[in-house]
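> need a 3D model of the following:
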Amino acid sequence: MTLDEHWFTEICEECGSAFSLRLAGAGKLHEERTPYQTIAVYDTATFGRLMTIDGFVMLTERDNFIYHEMMTHPVLYSHPDPRRVLIVGGGDCGCLREVLKHPEVERVVQVEIDERVTRLSERYFPELCESNGDPRAELRFQDALQWIQQAAPASLDVIIVDSTDPLGPAEGLFGAAFYADCHRALAPGGLLVHQSESPWFHKDSITVPMRRAMEQVGFAGLATVFFPQCTYPTGWWTATIACRNGPVRLVREAAAAAKPFPTRYYNLETHRAALAVPEFLKPDLAPV
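This next block holds a predicted model:
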């Protein structure tokens, strides 16, 4: 929400806190109501362009690279041969761009329910969409819940769930039924990663229930990845990686150390560090 014309402010009621960015130039560049949600784009003084959905920060030009790199490279380097990838959501296409940096990836299907997220990203965040024309990429605009239900068994190596908070069209992406469909669609050794909110304020409401649901449907290994994301509530974020039938491990360590593409945050050292669980979180978020 915007409290006055000079600032964008997102209030996190459950956190008892708020985050603000000073607006610049024209302030609000675009706003529209789609069949699914309200999307707005702002010009900010210090974080570049900002996209919000239903009043919540989705990404900024300045810090989105951390989220997109940590949602993709750790899970891809934890798979021995990630050739077939599904991205659920991800309409800004930042995760798609990062996945396509991996030469071993042969096909990426991105299933986003709201095409307007992608079209507005192409207009206002073109650097995130620079790989949309890659012949390995297929962009589909439909309900991912239905898509994964119809996916062939063992047809995917990695599933990346780049969803919004569990509200509105994304609510079903946080349940056991969805994870069961993902488990069936993954080949042996397959991996699923899902953004799992803040470990400070969402551990008991989202992160731990997510892990339990993944275990319930048969995922054998779980690991939480921690990373900073200053424009999200509390500034500390997580992704949960689940392995279909074994522990989550950095299996291609040498490849990660010698990655053939540039990154701004991810490297072998940040990958290792992201898997370290703070002492007070170990009872709930330790690897299994």
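
> OK, contacts around residue 197?
165, 206, 207, 237, 238 (C-beta atoms under 8 Å, 6 or more residues apart in numbering). Yep, even glycine has a C-beta here, placed from its N, CA and C like the rest.

> now it: how far from residue 207?
Noted for residue 197: a distance of 6 Å to residue 207, by C-beta to C-beta, to the nearest Å.

> which neighbours do the two have in common?
Between them, residue 197 and residue 207 share the contacting residues residue 238, judged by C-beta under 8 Å, 6+ apart.

> ok, which stretches of the stretch 101-250 of the chain are strands?
107-111, 137-140, 156-162, 186-195, 221-228, 236-243 (DSSP state E, counting those that start in this stretch).

> the second one pairs with which strands?
In other words, strand 137-140. strand 107-111 (parallel) (DSSP bridges).

> what's the average pLDDT for the strand it pairs with?
The pLDDT scores in strand 107-111 average 98.

> return that strand as PDB; C-alpha atoms alone will do.
C-alpha atoms of strand 107-111 as PDB (Å, rounded to 0.1, in the frame of the first residue of the first chain):
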ATOM      1  CA  ARG A 107      14.000 -27.800 -22.100                       C
ATOM      2  CA  VAL A 108      12.300 -25.400 -19.700                       C
ATOM      3  CA  VAL A 109       8.600 -25.100 -19.400                       C
ATOM      4  CA  GLN A 110       7.300 -22.000 -17.500                       C
ATOM      5  CA  VAL A 111       3.700 -22.200 -16.500                       C
END
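
> list the buried residues in that strand.
For strand 107-111, the neighbour count (16 or more other C-beta atoms under 10 Å) marks 108, 109, 110, 111 as buried.

> give me the distance from it to the chain's centre.
In terms of C-alpha atoms, centre = their mean, to the nearest Å, the centre of strand 107-111 is found 14 Å from the chain centre.

> between the buried residues of strand 107-111, which is nearest residue 45?
Nearest to residue 45 among these is residue 110, at 31.8 Å by C-beta to C-beta.

> nearest spatial neighbour of that closest one, skipping sequence neighbours?
residue 87 (4.2 Å; C-beta to C-beta, 6 or more residues apart in numbering).

> for the strand or helix carrying the one you found, name the packing helices and strands.
Assigned by DSSP states H and E, residue 87 falls within strand 84-89. When contacts are defined as 3 or more C-beta pairs under 8 Å, 6 or more residues apart in numbering; DSSP states H and E, strand 84-89 packs onto helix 94-99, strand 107-111, helix 144-150, strand 156-162.

> so what's the residue count around residue 215?
16 (other C-beta atoms under 10 Å).

> go on, residue 33?
By other C-beta under 10 Å, the burial measure for residue 33, its neighbour count, is 11.

> how close does it sit to residue 54?
Applying C-beta to C-beta to residue 33 and residue 54 gives a distance of 10 Å.

> ok, now residue 254?
Residue 254 is 43 Å from residue 54, by C-beta to C-beta.

> quick one: average confidence on stretch 19-26?
Mean predicted confidence for stretch 19-26 is 93.

> pull out the buried residues from that stretch.
19, 21, 23.

> can you tell me which of those are in strands?
In strands, defined here by DSSP state E, the members of those are 19, 21, 23.

> which residues does the last one contact?
When contacts are counted by C-beta under 8 Å, 6+ apart, residue 23 touches 5, 6, 7, 8, 42, 43, 44, 45.

> repeat that for the second one.
Taking C-beta under 8 Å, 6+ apart as the criterion, residue 21 is in contact with 7, 8, 42, 44, 45, 46, 47, 50, 60, 231.

> how close does the nearest residue to it once chain neighbours are set aside sit to residue 120?
Once flanking residues are discounted, residue 21 sits nearest to residue 44: 4.4 Å by C-beta to C-beta, 6+ apart. Distance, residue 44 to residue 120, using C-beta to C-beta: 16 Å.

> outline the domain layout of the chain.
Using automatic domain parsing, the domains assigned to the chain come out as 7-59, 64-285.

> just how off-centre is the shortest one within its chain?
Looking back up the chat, that one is domain 7-59. That offset, for domain 7-59, works out to 18 Å (C-alpha atoms, centre = their mean).

> from the opening residue of it to its closing one, how far?
End-to-end span of domain 7-59 (C-alpha to C-alpha, to the nearest Å): 16 Å.
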